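# generate a structure from the sequence data that follows.
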Amino acid sequence: MALGGLRRRIDHLYNGDSPTASRFRYSLLAFDFLTIAFFILTAPVELTPEILIADLVVGAIILLDFLARLWIAPSKLRMLRQVHTLADLLVIASLLAAPIIDQNLAFLRVLRALRLLHSFAMLRDLRQGAAFFRRHEDVIVRSVNLLVFIFIVTGVVFNHAFGRNDDIDNYLAALYFTVSTLTTTGFGDIVLHGTTGRLLAVLIMVVGVALFLRLAQAIFSPTKVRFTCPDCGLDRHEPDAVHCKHCGRTLKIRTHGEG
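Residues are numbered from 1 along each chain as shown. Model (predicted):
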């Protein structure tokens with residue numbers, strides 16, 4: 001009975017509508033940002049006992065969050081198949097095993113960024129509590145996806161080049177190289193050395209053309225409103241749509257008089 005009550009309380013914190021549940025989920029989002037900042041700041045720093053302790057503390061918190069979500073998940077197998085769940089497991093492993101693994105595996109921690117704004121509960125809170133987010137939800141989510149992608153590629157570049165390439169001795173330099181390569185600008189002032197470095201640069205350029213530009217274009221594509229057509233089920237329409245472009249039904253899309 002006690003376990004059942006605890007499970008209900010945890011489920012409410014993750015999925016409930018109360019102010020307490022909302023504050024809890026916002027706290028988790030803030031923790032995600034703080035962990036990413038921690039990963040960036042400590043990546044180029046030599047491991048010290050203090051950093052190792054911080055790794056273990058952060059890893060323990062993420063592990064508790066993961067176990068809590070797994071406990072209340074309606075389908076545990078489905079949750080374990082999700083991308084952000086697999087990323088969490090890699091992050092937990094890299095943090096809790098920090099005292100015994102090589103620091104080169106620390107780049108796995110950047111995968112923590114995949115969790116940002118990918119919780120339906122968090123999106124619901126942002127819709128209800130922020131008019132700006134409601135108006136620009138698609139653009140915000142697409143921008144976050146683009147930033148997450150850049151952040152992960154930057155982490156891979158930094159992990160490969162740090163300590164081997166004097167031109168890439170911090171995250172800013174890795175970010176500069178990543179963006180110039182993803183956009184195929186290629187100024188040439190920073191390059192990756194060796195066969196592995198060149199192959200990585202080629203891979204980034206190919207991915208840049210195939211994915212980076214697609215993500216960037218999605219940000220600037222016309223924003224559509226969410227409204228499910230009662231007849232055909234189409235749930236994205238132009239802001240001023242009067243008829244569904246798929247089936248022609250007359251639509252009555254509620255607006256907030258903004259714009």
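# and the strands in this structure?
225-226, 236-237 (DSSP state E).
# now the helices for the stretch 1-150 of the chain?
For the stretch 1-150 of the chain, the helices defined by DSSP state H, counting those that start in this stretch occupy 2-15, 19-42, 49-72, 76-80, 83-96, 120-129, 131-135, 137-161.
# redo these as CSV? Include distance to Asp235 and mean neighbour count.
In short, each C-beta sits where N, CA and C put it, glycine included. Below are those laid out as CSV (distance: least, CB to CB, whole Å; neighbours: other CB atoms under 10 Å):
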stretch, distance to Asp235, mean neighbour count
helix 2-15, 22, 13
helix 19-42, 24, 15
helix 49-72, 27, 15
helix 76-80, 22, 11
helix 83-96, 23, 18
helix 120-129, 15, 15
helix 131-135, 15, 14
helix 137-161, 12, 19
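# among these, show the one with the smallest mean pLDDT.
The weakest mean pLDDT among the helices of the stretch 1-150 of the chain belongs to helix 120-129, with a mean of 59.
# let's have the helices of the stretch 1-150 of the chain in a markdown table, adding distance to Ile204.
Formatted as a markdown table, the helices of the stretch 1-150 of the chain follow (distance: least, CB to CB, whole Å):
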| stretch | distance to Ile204 |
| --- | --- |
| helix 2-15 | 36 |
| helix 19-42 | 19 |
| helix 49-72 | 28 |
| helix 76-80 | 30 |
| helix 83-96 | 20 |
| helix 120-129 | 30 |
| helix 131-135 | 31 |
| helix 137-161 | 6 |
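# I'd assumed Gly188 was in contact with Asp167.
No: using CB atoms under 8 Å, Asp167 is not in contact with Gly188; the gap is 11.0 Å.
# who's more crowded, the two?
Per other CB atoms under 10 Å, whichever of Asp167 and Gly188 has more neighbours is Asp167, with 14 against 7.
# next, the contact list for the residue lying closest to the more buried one once chain neighbours are set aside, please.
Closest residue to Asp167 apart from its sequence neighbours, by CB to CB, 6 or more residues apart in numbering: Ile190 at 4.5 Å. Counting by CB atoms under 8 Å, 6 or more residues apart in numbering, Ile190 makes contact with Asp167, Ile168, Ala173, Tyr176, Phe177, Ser180.
# do Phe177 as well
Counted by CB under 8 Å, 6+ apart, Phe177 has contacts Val157, Ala161, Asp167, Ile168, Ile190, Leu192.
# now the two most distant members of those residues.
Val157 and Asp167 (11.2 Å; CB to CB).
# for the strands of the chain, which one sits closest to Ala2?
Per CB to CB, nearest to Ala2 of these: strand 225-226, 40.9 Å.
# domains in this protein, by residue range?
1-134, 136-223 (automatic domain parsing).
# how about JSON lines for these, with distance to Ile253 added?
Output for these, formatted as JSON lines (distance: least, CB to CB, whole Å):
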{"stretch": "domain 1-134", "distance to Ile253": "13"}
{"stretch": "domain 136-223", "distance to Ile253": "13"}
